[in-house]
Structures are given as C-alpha cells and as structure tokens.
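Peer 1: Sequence isn't available, so here's the structure alone:
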C-alpha cells in the first residue's frame, strides 16, 4: 500500500469513528433530555477509578440537574443512560410500571461465566422463577433458625479481639469481613470456616479476590455491559477462573457430602439441594450451575455488604460517643428484659439499633444506586420526554440519601432521622438502602440480622474510639465497587 493510500484510508477511518461517536453522543439531545456533556471514551465517567469513585461522578450530575427536570441523560462509555431525579417518578418506575423496568441489564454469561448468572443479574422469566424459589429462604422463621449460628460466630469474633495484644489501633474492617465470611460459611455451606482466627482462610482470600478490583477489572465490566452481545459471543468472563473453580468445587463437595450422608440443615444450601433434586409443581429442577450461581451470590452479597455496613457503623459510633453510649444502654436494658440473654426477640426489640444502622446505610450504604433497563419506549408522565427501549435507567440512591431536601445537614450522623415520626413524614423513595419494588434485595432480613448481632456482641464488650489513622472526613476508595475506606478502618478498641 502506498503512503498516500494509507493516509487516505487512515483519515477516512478516523472520520468514520468520529462521526459514529458523535452520533452516539447526540442520543440525549435528539430525544430532548438535558444531559451531562460526555467525553470520549468514558462518557460522563472521565477519571473514574484513576482519580475518583463513581459515586462522586453520579453526585456531580445529580446536584447539577436536580430540580431542572424529572430525569437527566448521561453516558456510560458510549451507552446512553437516564438518571431519575424525581422521587414520584422513581416510585412509578420501580413499582407501578415495574413490568417495563423489571430487568437490570447487567452483563452475565451462563455458559462461560456461570457465577455471573445469579438472581441479581438474570432476567425475565428466569428471574421471576428464581425469585419465587428463593423467597422462602429469607422468611422471619428462617432467620430465627439461623440466629444462634450467627450469634456463635459473633462470640468467636469477640474472643479473638480480646486476645489481641494491642487494641490502641486495630484495623476493624478486616475483622468484620472475617466475621461475615464465617457467618455465610455456616449459614450457606454448613462449614466452620474459622476465617476469624485463620488469616489464610481460603474463603476470605476468595472474597478479597472478588472485591479487590483494579482499573482493568472495572473497565472490563463497563465494556462488557456496554457491548453485552459481543462479550457473550466471545465468552467474556467477569470472574477469575480461580474463583469459579474454587466455588464450583466447594458447592459440589457440599452437595455430594450432604446427599451421601443424608444431612439436612435449616440453611440456604439445604433449600438449594432440595430444588436441585426435587422437581417443583411444573416438573422443573435447578441445574448445578443455577445452584452454584445463587450460592455464590449469597456469599458475596452477605459478607461484603454487611461487613462494610458494620465497619461504617463502628466508624460513626467512634466519632459520636454520645450515640454509642445511648445505643449500648439500649442493648443492655433490652437484654435485661429477656432474662439477660441475647435472643432473636430481644434483637428485634432494639429500636435505636435499627435507627443507627439505617442512618449508616444512608450515609455510607453499600448500595450506590439501582439500575433498570427499559423494555419498551416509555413516556415520562406529564412530560414529552420518552425513555427509549433498551436505555439504562439509574436510580441514584446515594445521591438521594445525601440530598439536604430530604435530610437537612446530610453529612451529620443523626439516627433520629429514622424514628417513626420522621420516617412517616418522609417520601417513601427517600430511603432505599435495599432497593424498592418487586426486585428489592431478597436478603434484607438476613443483612439486618447479622449486622445487628455483630453490633450487639461488640458493643457489650468494647468501646470504640477514633485514632490518628481514622480518616475524617471519609474519602471513599476509588477502586472499590462499593463504598469503602481506602486504607482500612483504624480504631482504638477499649475493653469493657
């Protein structure tokens, strides 16, 4: 090829790419939406991971357009998305018009990446069937059956902390992650993982591997979600082969052992095995890969979100000693009413404990937002704006939780925001830490339970204080998929 021909071809190719990108980035303007100006190739997310956490970018867009329109456009790489700003519209989308927004549009690959094909990601009838099958696992009665198991693990955590030689500065985030890892191991797999005492626990290592992301992993996830069909065609995998092999082996060994020895337990795996070997009323049984994916979801959702919540509760209590003392007094006085025993009923009677957790979920909750995708064109009520079929919808949970219209002085830690009167006077969609509507978090009860048990055990035995390594104010780790401190959570622990 001559130089002139090569240059001509190169210019033509660059021009075509430019026109294609320009067309992509004209989507919101053509549909009449106010929108955040994109920058190639990251769209609205320039600087994500390398300079800032995605939640700060979403908050910038939210604050810029709040009050100007019920919804605003932005871009994930080249893909147009719509952020819903109006709480009434959020309620309409998540509840009344759920049938048009029942899918999340998140990449999964049942064939090449079976761990990804779990309840959170799967779509349409597959999701509906799986949701119905799994719902009985998380009833109040099931939680009550698991209560003692979680309490025993929390007691082991307390003993481990007491055995530490230096409590003047201790990294609590890792301890809490080990606690929730052991809880999930016992509740889901019936295994005594002993991650609390074993720093080399394989389960804990795999948990770190899933959540210790880097720039390449996050960019891969964004690209797979922007080009799902192409990624599936070429066998795109979100999860590392080592993680997949580990959980495949553990689930298979657990199923084989229980079936061989006719072991039945009131836990998550027990329900999975029954659906694996026994057909339902329609003659359907779960495949092994379906059991594998749901068990994996239970693990990653149960250990990381709850350990993150517990970490930030202790952080907030360390910075607010009066609130910590008030909560400890409630725990002690409530237990006295129940013959000085920590019981399921006593836990549920601790109203201030619930308020403290909810205020933490408002300030530093693991759920940054909710994602939906439009199945069909959707005209926003009382406007001419139309959300086009296939467009991603973002419900900016974190941004709403930080909005001074709903929470005056939003940076202040104030559990009284969640007393009954204040909750009653606030819009239903102003607090959605576990989502809302038919596709809300199925494990909400379990998440609250293990967080409450962990806090009860810790606050009865220790008092928590900030140290010179405690970050104030908190700047979130830009590499973490959920909100997390960048260098661990360092607190002083005082024995009581």
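Peer 2: Structure received. Small disclaimer: the values here were computed from a predicted structure and weren't measured.
Peer 1: hey, let's count contacts and neighbours off CA atoms from now on
Peer 2: Noted.
Peer 1: give me the low-pLDDT residue ranges for the stretch 151-300 of the chain?
Peer 2: Within the stretch 151-300 of the chain, the set of residues satisfying pLDDT under 70 comprises 212-216.
Peer 1: can you give me the helices for it?
Peer 2: Ranges of helices in the stretch 151-300 of the chain, per DSSP state H, counting those that start in this stretch, are 172-184, 202-211, 215-226, 228-233, 241-261, 268-277, 288-319.
Peer 1: ok, now the stretch 1-150 of the chain?
Peer 2: Going by DSSP H, counting those that start in this stretch, the stretch 1-150 of the chain shows helices at 3-24, 27-30, 54-65, 87-91, 124-134, 140-162.
Peer 1: could those be laid out in JSON lines, adding mean neighbour count and distance to residue 193?
Peer 2: As requested, the helices of the stretch 1-150 of the chain are exported to JSON lines (neighbours: other C-alpha atoms under 10 Å; distance: least, C-alpha to C-alpha, whole Å):
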{"stretch": "helix 3-24", "mean neighbour count": "12", "distance to residue 193": "49"}
{"stretch": "helix 27-30", "mean neighbour count": "15", "distance to residue 193": "50"}
{"stretch": "helix 54-65", "mean neighbour count": "18", "distance to residue 193": "34"}
{"stretch": "helix 87-91", "mean neighbour count": "17", "distance to residue 193": "41"}
{"stretch": "helix 124-134", "mean neighbour count": "14", "distance to residue 193": "24"}
{"stretch": "helix 140-162", "mean neighbour count": "18", "distance to residue 193": "10"}
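Peer 1: for the helices of the stretch 151-300 of the chain, which one ends up most surrounded?
Peer 2: helix 172-184 (a mean of 26; mean count of other C-alpha atoms under 10 Å).
Peer 1: and the direction of that one versus that of helix 202-211, what angle?
Peer 2: On the basis of axes from the mean of the first three to the mean of the last three C-alpha atoms, to 10 degrees, helix 172-184 is oriented at 120 degrees to helix 202-211.
Peer 1: list the helices and strands helix 172-184 packs on?
Peer 2: Packed against helix 172-184 by the contact rule (3 or more C-alpha pairs under 8 Å, 6 or more residues apart in numbering; DSSP states H and E) you find helix 140-162, helix 202-211, helix 288-319.
Peer 1: C-terminal to the last one, what's the next element?
Peer 2: Right, the one you point to is helix 288-319. The element immediately downstream of helix 288-319 (helix or strand, assigned by DSSP states H and E) is helix 321-337.
Peer 1: Can you list the buried residues in the next helix or strand after that following helix?
Peer 2: As assigned by DSSP H and E, the chain's next helix or strand after helix 321-337 is helix 344-348. Within helix 344-348, the residues that count as buried by 16 or more other C-alpha atoms under 10 Å are 344, 346-347.
Peer 1: just stretch 92-101 next, same as before
Peer 2: Applying 16+ other C-alpha under 10 Å to stretch 92-101 flags 93-95, 98, 100-101 as buried.
Peer 1: just to revisit the earlier point, what's the closest of the helices and strands packed on helix 172-184 to residue 64?
Peer 2: helix 288-319 (27.7 Å; C-alpha to C-alpha).
Peer 1: okay, the angle between that closest one and helix 268-277?
Peer 2: 160 degrees.
Peer 1: Who are the packing partners of helix 288-319?
Peer 2: helix 172-184, helix 241-261, helix 268-277, helix 321-337, helix 351-364, helix 444-461, strand 462-466.
Peer 1: Mind putting these into JSON lines with distance to residue 287?
Peer 2: What follows is these, written out as JSON lines (distance: least, C-alpha to C-alpha, whole Å):
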{"stretch": "helix 172-184", "distance to residue 287": "22"}
{"stretch": "helix 241-261", "distance to residue 287": "12"}
{"stretch": "helix 268-277", "distance to residue 287": "6"}
{"stretch": "helix 321-337", "distance to residue 287": "44"}
{"stretch": "helix 351-364", "distance to residue 287": "35"}
{"stretch": "helix 444-461", "distance to residue 287": "25"}
{"stretch": "strand 462-466", "distance to residue 287": "46"}
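Peer 1: what mean pLDDT would you report for stretch 52-66?
Peer 2: Stretch 52-66 carries an average pLDDT of 94.
Peer 1: what does it contact?
Peer 2: When contacts are defined by C-alpha atoms under 8 Å, 6 or more residues apart in numbering, stretch 52-66 is touched by residues 36, 44-45, 48, 72, 83, 85, 368, 396, 398-399, 476-480.
Peer 1: do the same with stretch 166-178
Peer 2: With C-alpha under 8 Å, 6+ apart, stretch 166-178 has contacts from 157, 195-196, 204, 303-304, 307-308, 310-311, 467, 488-494.
Peer 1: residues touching residue 255, list them.
Peer 2: Residue 255 sits next to residue 273 when contact means C-alpha under 8 Å, 6+ apart.
Peer 1: what do you get if the cut-off is 10 Å, keeping everything else the same?
Peer 2: 189, 263, 269-270, 272-273, 276, 288, 291 (C-alpha atoms under 10 Å, 6 or more residues apart in numbering).
Peer 1: As JSON lines, these with distance to residue 317 would be great.
Peer 2: As requested, the contacts of residue 255 are exported to JSON lines (distance: C-alpha to C-alpha, whole Å):
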{"residue": "189", "distance to residue 317": "33"}
{"residue": "263", "distance to residue 317": "42"}
{"residue": "269", "distance to residue 317": "35"}
{"residue": "270", "distance to residue 317": "37"}
{"residue": "272", "distance to residue 317": "38"}
{"residue": "273", "distance to residue 317": "41"}
{"residue": "276", "distance to residue 317": "44"}
{"residue": "288", "distance to residue 317": "43"}
{"residue": "291", "distance to residue 317": "39"}
